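J.: Below are the sequence and a predicted model; questions follow.
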Amino acid sequence: REAAGAPPKELTKRAARVFQALRIQVNREMDELDAILVGAARLVKPGGRIAVMSYHSLEDRKVKRLLRSGDVYGDAPAKDTYGNPLAPWRPLTRQPLCASQEEVEVNPRARSVRLRVGERTEFPPIPASDEV
C-alpha cells in the first residue's frame, strides 16, 4: 500500500534489498562465507594475514566477529591470566577500511565495500560447530 505512493528512488532501493536477500538465501552466501572464514585459520600459518572485503553488513559482521573472537558466531574467546584473548586472529585495523570519495566517483560500486585485515596468531583455531 505505502509503496505505491513512495518516490521512484525509494522503490528501487526496496526492490534491490529484496533481491539481495533472495540472492543471499538462494546462493547460501552466508554458509559459504562461514566455511571460508573458519577454514582460513587452518590454511594461514601464524604471522600470516587475511584480508576480507565485505559488501554488506551481514558479511562484515561475521568477518568482524571472526577477527575479534576467532568464531563467526561471535562467542567470546578464552583469555589468559592477564585477560588477553586467545583468539586465532588479531585485527590489524580497529575500523574497516573504506573506499575514498575519489574511488567512489570512479567506481560507484566501491561505496559499500569494507576491508578488514587480520593477522594469524599462534593460538589454535576454534573448532567448527560440526567438528565438536
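T.: Structure's in. What do you need?
J.: From now on I want contacts and neighbour counts done on CA atoms only, so please keep to that.
T.: Will do.
J.: tell me the phi and psi of residue 115?
T.: As for residue 115, its main-chain torsions (degrees, to the nearest 10) stand at phi -110, psi 130.
J.: and if you look at residue 107?
T.: Main-chain torsions, residue 107, degrees, to the nearest 10: phi -130, psi 90.
J.: Number of residues surrounding it?
T.: Counted with other Cα atoms under 10 Å, residues neighbouring residue 107 total 11.
J.: for residue 29, same thing?
T.: Residue 29 is flanked by 13 other residues according to other Cα under 10 Å.
J.: Would you mind measuring from it to residue 104?
T.: Counting by Cα to Cα, to the nearest Å, the separation of residue 29 from residue 104 is 25 Å.
J.: Same question for residue 97.
T.: 13 Å.
J.: Is residue 50 located within a helix, as I assumed?
T.: No - counting by DSSP: H, G, I helix; E, B strand; the rest coil, residue 50 falls outside a helix, being strand.
J.: Tell me which residues touch it, please.
T.: By Cα atoms under 8 Å, 6 or more residues apart in numbering, residue 50 lies in contact with 40, 44, 117-120.
J.: Read off the pLDDT value for it.
T.: As predicted, residue 50 sits at a pLDDT of 95.
J.: Any stretches of this structure with poor pLDDT?
T.: Counting by pLDDT under 70, the chain has low-confidence residues at 1-6, 127-132.
J.: got the residue ranges for the strands in it?
T.: For the chain, the strands defined by DSSP state E occupy 49-54, 89-91, 97-98, 114-120.
J.: Adding distance to residue 7 as columns, could you present those strands in TSV?
T.: Below are those laid out as TSV (distance: least, Cα to Cα, whole Å):
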stretch	distance to residue 7
strand 49-54	29
strand 89-91	41
strand 97-98	29
strand 114-120	29
